[in-house]
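Mind folding the following:
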Amino acid sequence: MNRVTPLIVLAVAGGCIETGISKKDEAPPNVQPDILVDPPALMFDSLRDGETQTLDFIVSNVGDAVLEVDDIVIGSGNAFTVLGPDFEFTLDPGADLPVTVEFTPMGADENYGAVQVLSNDPDGDNSQVDLLGFGLVPDLQIVPDTYNFAENGADFVPCGESVELELKNVGDVDLEIYSLDYVSGGQLSLRSDLQLPLVLGPDEATNVWVDFTPTDAASDTGVLTVSSNDPVGDETADQNGEGVWLASNSETFYAPGPPPVDVLITIDQSCSMAQDNTDDVEQGFPAFVNELQNIADWQLILVTDPNGCATGGILDASSNNPSGLLVDNAFNTNHDDNGGANLTESLLKLSERALSKTGAGNCNDGFLRQGALLHIITLSDEPEQSGDSAAYWVGEFENYVSDPSLLKVSGVLDLFGNCGLGAAGYTQAVDLTGGAELNICNSNWGANFTDIASEVLEGIQTYPLQDPADESTMEVSVNGVPTTDWSYSSDSWTVTVNSPPIGENDVVDVTYNILAECD
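Coordinates of the predicted model:
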């Protein structure tokens, strides 16, 4: 019995040791770093452009474990810079380190910002420093800084619109604008009358404009860049526009009719002309009128009086005996000058005078027709003696046609000085307009007078379109074969096909995009 008891005691003792039945060790306390920045906000002074100021805040570890700082960054505000001295460091519990922040004003009045200290603090509380400084600097503001012309729908080609941009100094000191630069795809353009450099005082403003003129169905973006002494640097504003076609059209012309032509004939009324050319006029004019009748929708005025009014009125296919009227009135030296200079040997000047009287209520009212070919024919055995160049008179004549290609000047002239003093002035006008010439010194020139009509009108056909067309989008074909030898008059909405020659039963097709008619 006494032997057993010790064994039992040992067994119990051994069991306690093997199974670990004892009081557990207590867990250690929760040890963590804890960051604190002080002060939580830095207030800088009011500074001018180029001035700087530095202030410090303290980073402290108020926790029980080592604080590891990974970086110190500016969370917001471009007027502030962290100078350090360190951006990555460790702080034992209770330790601290100063951090320096520099303020350089980048805008007028309040400049806000914030510094964030990034660390292994689990919650990250108390790690931000708010920043505030005041700038006494120029500050350029562009209003609007973004504009979309298509906000109310796309603009029809070629109708555009404009936006006014205000350039304002919202700073506290003078703003000096050095330059304006505008970049776009070509449909947006800057319109400005500013004289640069330009100084704007505080709260002072000026304006520029951006024009959107769509030339194609496409979008465009423009960017205005303004360089100034604003410490932020260049300021920009962007604009967007989108052009669209009003519609497209395709027109077909069957069995085209003769082209319209308005013929103005002026004749030198000197004695030598009447003596030497009466027979040719009597022979040539009737044949000329007959040729017009065959190939053109025509009307004609003969001008022999210095006042520029048509002798015998406006003649056309409905006139009674137009050939006889031309022959009878070709030479008449008894016209009243009506106070004007005698223009018998200044026929280009006389022609312009006649055209100037085609307006409503004037003596030649109704002679000129929109989209018609204007064919000026001069008959003289002397040079043109108005004193102005042929180029000058051609420029004047072009004011009376919807397209320069619809002007021709022809002449029966002393081409080689064989029977007079030559044809200086007239021949240059003929060359400038692609007209035709006959030599008045050749006997029986009247037999060939019809050549002037047929040569000038050959192959010319003009077709009126229903709508105004964008010329760059036009395609013209004759009997299904494309041609590029055509011209378009935007004033009369007419297409003139120069080649190939158009004959009876030919078919002309014209396709185009329609231009909107702008207010």
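
what's the burial count for Asp216?
18 (other Cβ atoms under 10 Å). Bear in mind the C-beta positions are built from the backbone N, C-alpha and C, glycine included.

how close does it get to Leu515?
Here the distance between Asp216 and Leu515 works out to 11 Å (Cβ to Cβ, to the nearest Å).

Residues that sit against both of these two, list them.
Common neighbours of Asp216 and Leu515 are listed as Val157 (criterion: Cβ atoms under 8 Å, 6 or more residues apart in numbering).

Asp470 and Trp493 touch, don't they?
No: contact criterion Cβ atoms under 8 Å: Asp470 and Trp493 do not qualify, at 11.6 Å.

I'd like the next helix or strand past the helix or strand hosting Thr252.
Using DSSP states H and E, Thr252 falls within strand 247-254. Once strand 247-254 ends, the next helix or strand along the chain (criterion: DSSP H and E) is strand 260-267.

What residues of the helix or strand just after that next one count as buried?
Once strand 260-267 ends, the next helix or strand along the chain (criterion: DSSP H and E) is helix 271-295. Neighbour counts over helix 271-295 (16 or more other Cβ atoms under 10 Å) mark 273-274, 277, 280-289, 291-293, 295 as buried.

quick one: contacts for the spatially most central residue of the chain?
Closest to where the C-alpha atoms of the chain average out (Cα atoms, centre = their mean) is Gln187, at 4.2 Å. Contacts were defined as Cβ under 8 Å, 6+ apart; by that measure Gln187 touches Gly160, Phe212, Thr213, Pro214, Thr215, Asp216, Ala218, Asp220, Gly241, Gly243.

What helix or strand is the residue nearest to the second one when sequence neighbours are not counted located in?
The shortest distance from Phe212 to any residue that is not its chain neighbour, by Cβ to Cβ, 6 or more residues apart in numbering, is 3.9 Å, and that residue is Gly241. The secondary structure element spanning Gly241 is strand 235-244 (assigned by DSSP H and E).

Sheet-wise, list the partners of that strand with their directions.
Using DSSP bridges, the strands paired with strand 235-244 are strand 146-148 (parallel), strand 155-156 (parallel), strand 219-228 (antiparallel).

how many other residues sit next to Val69?
23.

Give me the three-state assignment for it.
strand (DSSP: H, G, I helix; E, B strand; the rest coil).

List the residues that contact the closest residue in space to it that isn't next to it in sequence.
Ranked by Cβ to Cβ, 6+ apart and with sequence neighbours excluded, the top spatial neighbour of Val69 is Ser119, at 4.7 Å. Ser119 makes contacts with Pro33, Ile35, Leu67, Glu68, Val69, Asp70, Ser127, as judged by Cβ under 8 Å, 6+ apart.

Buried ones among the residues you listed?
Neighbour counting with 16+ other Cβ under 10 Å marks Pro33, Ile35, Leu67, Val69, Ser127 as buried within those.

what sits opposite the nearest residue to Phe253 once chain neighbours are set aside in the beta ladder?
Setting aside the residues directly before and after it, Phe253 is nearest to Val508 in space (Cβ to Cβ, 6+ apart), at 4.4 Å. Beta-bridge partners for Val508, by DSSP bridges, are Phe253, Val478.

quick one on the thing from earlier: neighbours of the residue nearest to Phe212, how many?
Gly241 - counted by other Cβ under 10 Å - has 27 other residues nearby.

For it, give me the pLDDT.
The score at Gly241 is 93. That number is its pLDDT.

Please apply the same query to the one 4 residues further on.
Trp245 carries a pLDDT value of 92.

Backbone dihedrals for it, please?
With angles defined as degrees, to the nearest 10, Trp245 sits at phi -80, psi 140.

was I right about it contacting Phe156?
Yes: between Trp245 and Phe156 a contact is recorded at 7.2 Å, counting by Cβ under 8 Å.

Distance-wise, check Asn207 relative to Thr90.
Separation of Asn207 from Thr90 (Cβ to Cβ): 58 Å.

got it, and Cys309?
108 Å.

Between the two, tell me which one has more neighbours.
Remark: of Cys309 and Thr90, Cys309 carries more neighbours, 18 against 14, as counted by other Cβ under 10 Å.

That one is in what secondary structure piece?
Counting by DSSP H and E, Cys309 is found in no helix or strand.

Next up, the contacts around it.
Residues near Cys309 by Cβ under 8 Å, 6+ apart: Val303, Ala354, Lys357, Cys363, Asn364.

Val303 bridge partners, please.
Beta-bridge partners of Val303, as defined by DSSP bridges: Thr266.

actually Val495, not the one I typed
Going by DSSP bridges, Val495 is paired in beta bridges with Tyr463, Tyr488.

That one reaches Val478, doesn't it?
No: contact criterion Cβ under 8 Å: Val495 and Val478 do not qualify, at 11.4 Å.

shared neighbours of those two, which are they?
What both Val495 and Val478 touch, as defined by Cβ under 8 Å, 6+ apart, is an empty set.

what about Ala205, how many residues close to it?
Neighbourhood size, Ala205 [other Cβ under 10 Å]: 12.
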